[in-house]
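Visitor: give me a 3D structure for the following:
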Amino acid sequence: MKYQKIILAGGNGYLGQVLAAYYAPLASEVVILSRTPKAQHGNIVTLVWDGKNEGDWMNSLNGADMLINLCGKNVNCRYTAKNRAEIIASRIEPTQLLGNVVNKLQQPPKLWINVTSATIYRHAEDFAQDEATGQIGYGFSIDVCREWEKAFFESQAPHTRKVALRMGIVLGRKDGVYPRLLNLVKCGLGGKQGDGKQYVSWVHEQDVATSTEWLLNHPEIDGVVNCTAPEAVTNAELMKILRQAYGVPFGIPTPTWLLNIGARLIGTETELILKSRWVVPKHLLDSGYQFLFSKVDYAIKDIISIRI
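Guide: Residues are numbered from 1 along each chain as shown. You can find the predicted model right below:
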């Protein structure tokens, strides 16, 4: 085995399952910290925690090669006062808890990756945002990212390298944004959303997994790292590629006024669709990482070919 132990905090969700499946053949043990108990599956072990309090799960972090923190309430909801508080707490509290625990360990993880969000950058249609020159935006979702990363970098972990992985929109067959967009395409509603000019910074789920391993094996990299494919696409381009890949000749566009109504009806925010996220992974590219899926049409064709 290449690695002794990989820890996935909050790893019971979609992305956690992708990472667990990736690391299971590479590590002696994959440990998922989850609020819900689950039977052991091969070398994947689930330990129960609440993300707020110390417990027996702490010992599992000793000697780990890597800790990946995936905790956070889904932002696909209305930003009510209650949801805002839960979104912030579900990110800050586990991050601070993990920081306190890592600082106490005799053999702390070599690398701690906190999966944050590329939405921290401003609405950008003029030029791409990278780690060095990217401009931080404003609004609730950006405030969440600021507080989240602040809690992460302020945590005392002198013997553990830390990377805030600013994640783009993950494309995969089982969950995330792809199945939802595909449903729109199938129903003939796969046209552009809004004016369609907003950029989508995406990343294939397998590049998420391989980039974390790349970071593990490149100790010179720390701090903020963007995790997006090198080539963002506009919303109109993305929907067109989806239609072509699935063989649907047309897609009815959804104007902004209708999106606003629909968002209220299904309990979400139009920001998730209309904000232009044009982000590039400068640090990964400069370090020599080669994306498995650098173009969105390659990624979509791969996902469509997967049989579940």
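Visitor: point to the residue nearest the middle of the chain.
Guide: Of all residues in the chain, the one closest to the mean position by Cα atoms, centre = their mean is Met167, 4.2 Å from it.
Visitor: show me what contacts it?
Guide: Met167 makes contact with Val115, Thr116, Ser117, Ala118, Val203, Val208, Cys227, Thr228, according to Cβ atoms under 8 Å, 6 or more residues apart in numbering. Heads up, the C-betas are built off the backbone N, CA and C, glycines and all.
Visitor: next, give phi and psi for the third one.
Guide: Comment: the main-chain dihedrals of Ser117 come out as phi -140, psi 140, following degrees, to the nearest 10.
Visitor: next one, pLDDT for the closest residue to it other than its chain neighbours please.
Guide: Closest residue to Ser117 in three dimensions, ignoring its sequence neighbours and counting by Cβ to Cβ, 6 or more residues apart in numbering: Cys145, at 5.4 Å. For Cys145, the pLDDT comes out at 94.
Visitor: burial of Cys145, as a residue count?
Guide: Look at Cys145: counted by other Cβ atoms under 10 Å, it has 21 neighbours.
Visitor: cool, Glu86 as well?
Guide: 15.
Visitor: just to check, it is in contact with Lys73?
Guide: Yes - using Cβ atoms under 8 Å, Glu86 is in contact with Lys73, at 5.1 Å.
Visitor: rewinding a little: beta partners for the residue nearest to the centre of the chain?
Guide: Ser117, Cys227 (DSSP bridges).
Visitor: I'd like the distance between it and Ser201.
Guide: Met167 sits at a distance of 9 Å from Ser201 (criterion: Cβ to Cβ, to the nearest Å).
Visitor: doesn't Asn114 fall inside a strand?
Guide: Yes - counting by DSSP: H, G, I helix; E, B strand; the rest coil, one finds Asn114 located in a strand.
Visitor: which residues touch Lys275?
Guide: So, once contact is read as Cβ under 8 Å, 6+ apart, Lys275 ends up touching Thr119, His123, Gln198.
Visitor: how about 6 Å then?
Guide: Contacts for Lys275 were tallied using Cβ atoms under 6 Å, 6 or more residues apart in numbering; they are His123.
Visitor: quick check: it vs Ala229, distance?
Guide: Distance, Lys275 to Ala229, by Cβ to Cβ: 18 Å.
Visitor: do Pro255 as well
Guide: In terms of Cβ to Cβ, Pro255 sits 28 Å off from Ala229.
Visitor: Gly13 now?
Guide: Taking Cβ to Cβ, one finds Gly13 at 21 Å from Ala229.
Visitor: now do Glu86
Guide: 30 Å.
Visitor: what's the answer for Tyr14, then?
Guide: Tyr14 sits at a distance of 18 Å from Ala229 (criterion: Cβ to Cβ).
Visitor: quick revisit: tell me which of Gly13 and Ala229 has more neighbours.
Guide: With neighbours defined as other Cβ under 10 Å, Gly13 and Ala229 compare such that Ala229 has more, 26 against 17.
Visitor: is it fair to say the more buried one lies in a helix?
Guide: No - Ala229: not assigned to a helix; according to three-state DSSP it is coil.
Visitor: which phi and psi does it have?
Guide: Dihedral angles of Ala229 (phi, psi; degrees, to the nearest 10) stand at phi -60, psi 160.
Visitor: quick one: low-confidence parts of the stretch 51-200 of the chain?
Guide: Residues of the stretch 51-200 of the chain meeting the criterion pLDDT under 70: none.
Visitor: list the contacts for Gly168?
Guide: By Cβ under 6 Å, 6+ apart, the contact list for Gly168 reads Ala118, Ser201, Trp202, Val203, Thr228.
Visitor: CSV for those residues, including distance to Asn43 and neighbour count?
Guide: Supplementary listing: these in CSV, determined by distance: Cβ to Cβ, whole Å; neighbours: other Cβ atoms under 10 Å:
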residue, distance to Asn43, neighbour count
Ala118, 31, 25
Ser201, 33, 28
Trp202, 31, 26
Val203, 26, 26
Thr228, 30, 28
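Visitor: hey, what's the residue nearest to Ala229 when sequence neighbours are not counted bridged with?
Guide: Of all residues not flanking Ala229 in the chain, Val203 sits nearest, at 5.2 Å (Cβ to Cβ, 6+ apart). Beta-bridge pairing for Val203 (DSSP bridges): Val170.
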